[in-house]
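Sharing a sequence plus its predicted fold:
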Amino acid sequence: MGATGARLAVVWLAVLALSAPAAAASGSISGTVTDTATHAGIANLEVCAVQVPYDGTAWPCTYTDDVGDYNLGSLDYDAYEVEFAGRPLGYVPMWWEGRESWGEGDPVPVEGAAVSSIDAELTFGGTIEGMVTRASNGSPLVGIGVCASDPVADKFGGCATTDSIGAYAIRGMPVGEYALLFSPGGEELQGEFYDGKDSEATADLVAVVLGGVRSGIDATLEEGGRIAGTVRLADGGAPVEGVEVCARSTTEVGYCTQSDGDGRYELTNVRAGFYKVEFLPAGLGLGLMKQFWDHRPARGEADGLTLEPGVNLTGIDADLMAVPTATFPPPVLPAGSSPAIAPRVSGPRLKRCKKGFHRKWVKGKKRCVRKHRRHAQR
């Protein structure tokens, strides 16, 4: 390349540099997290910044240092809600500034600059702890989810998972009265609310105060049972697919499924209790009547089933009948009498047409019109 070519290359690179977009500037959020009671910095507490509005991407997080300071760097030009996740350390979590949950916090705008003094004072919360075991043999259950909610204040209290010895502890809970739900996940076990209840409305509530510990909030989970059978046509015994089969208890707890192509159904992981099973073919367009086990037309006449924990009940079948067609019985007549014959009803009598006229439809009415004679051709 000659001198002229070299000079042109330098000029071209300079033009490219001037026309290239500037690198996106980034900002940061920093502050200090302290204990409300002691005013000392809280070390090793997680702090996260969540974009507003949240776009589904992972949000940046960091941890406070030994004196409670933190710095969230490399933030885009966005507004952020800042979360102080105190629960693992026993503190009630908080969103800046002083809010209890996501969506209530004051967004912090970051416009390529360092935003400081986004501080927080956290309160040490209450704790609920206990054990979860299997009802059949008392063995500890690992990986059971335990979550607390305050149904009166509509407030979330936190969640925990049982460890290798079946123990759990929900920490950093605000003041409240909580219903606890024990969820076994994929286990063939029945979840329940404390203490052995099947709904939040009937659960025994556990009161929590700041700094207090409620121990012994245990759960014993039972294995679910199974109800199975076959749905057929009463006329001919052919299997019926798509029939909804439901087992309902006296407390309206229900388990439902549908019969398959062979007419078979199976209700699994059913809580122990007393049930009535119903077979509902409505919507199939087959003109079949609903039925209750054992071959009863109404729920009040149905036979009930008592299901024990871990027991399989089979042969809970249905034979569906067609909806009967409406028929009307003949009237009952007195002895020796015959049915009355209805008199013949005729329309009004029409006058005869005079000679040379005949009756013909004209404009929707019968009229007398003159006959047209045919003349022989000459």
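In hand now; what should we look at?

can we go C-alpha only for contacts and neighbour counts from here?
Will do.

looking at the sheet around Gly126, what are its partners?
Met173 (DSSP bridges).

What segments of the stretch 201-350 of the chain are strands?
Per DSSP state E, counting those that start in this stretch, the stretch 201-350 of the chain carries strands over the ranges 206-208, 213-214, 219-221, 225-233, 244-249, 254-258, 264-270, 273-280, 291-292, 305-307, 312-313, 318-320.

Among the ones you listed, which comes closest to Gly90?
Relative to Gly90, the nearest member of the strands of the stretch 201-350 of the chain by C-alpha to C-alpha is strand 213-214, separated by 10.9 Å.

Mean neighbour count and mean pLDDT added to the strands of the stretch 201-350 of the chain, as TSV?
Output for these, formatted as TSV (neighbours: other C-alpha atoms under 10 Å; pLDDT from 0 to 100):
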stretch	mean neighbour count	mean pLDDT
strand 206-208	18	97
strand 213-214	16	97
strand 219-221	23	96
strand 225-233	20	96
strand 244-249	20	93
strand 254-258	17	92
strand 264-270	21	93
strand 273-280	21	94
strand 291-292	24	96
strand 305-307	16	93
strand 312-313	16	94
strand 318-320	24	96
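
Throw these into JSON lines and include distance to Leu122, thanks.
Listed next are the strands of the stretch 201-350 of the chain as JSON lines, based on distance: least, C-alpha to C-alpha, whole Å:
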{"stretch": "strand 206-208", "distance to Leu122": "17"}
{"stretch": "strand 213-214", "distance to Leu122": "18"}
{"stretch": "strand 219-221", "distance to Leu122": "31"}
{"stretch": "strand 225-233", "distance to Leu122": "46"}
{"stretch": "strand 244-249", "distance to Leu122": "46"}
{"stretch": "strand 254-258", "distance to Leu122": "43"}
{"stretch": "strand 264-270", "distance to Leu122": "42"}
{"stretch": "strand 273-280", "distance to Leu122": "46"}
{"stretch": "strand 291-292", "distance to Leu122": "58"}
{"stretch": "strand 305-307", "distance to Leu122": "49"}
{"stretch": "strand 312-313", "distance to Leu122": "52"}
{"stretch": "strand 318-320", "distance to Leu122": "61"}
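
just so I know, which of the ones you listed lies nearest Val67?
Comparing those by C-alpha to C-alpha, strand 213-214 comes nearest, at 27.0 Å.

Check the offset of that closest one from the chain's centre.
32 Å (C-alpha atoms, centre = their mean, to the nearest Å).

packing partners for it?
Strand 213-214 sits against strand 126-134, with contacts defined as 3 or more C-alpha pairs under 8 Å, 6 or more residues apart in numbering; DSSP states H and E.

For the strand it packs on, report the contacting residues that lie outside it.
90, 139-141, 144, 162, 166-175, 208-222 (C-alpha atoms under 8 Å, 6 or more residues apart in numbering).

What of stretch 270-284?
Stretch 270-284 has contacts (C-alpha under 8 Å, 6+ apart) with 190, 222-227, 242-250, 255, 288-293, 299, 302-309, 318.

Just name the shakiest helix or strand of the chain by mean pLDDT.
Every helix and strand of the chain was ranked by mean pLDDT, DSSP states H and E. The lowest is helix 3-19, at a mean of 35.
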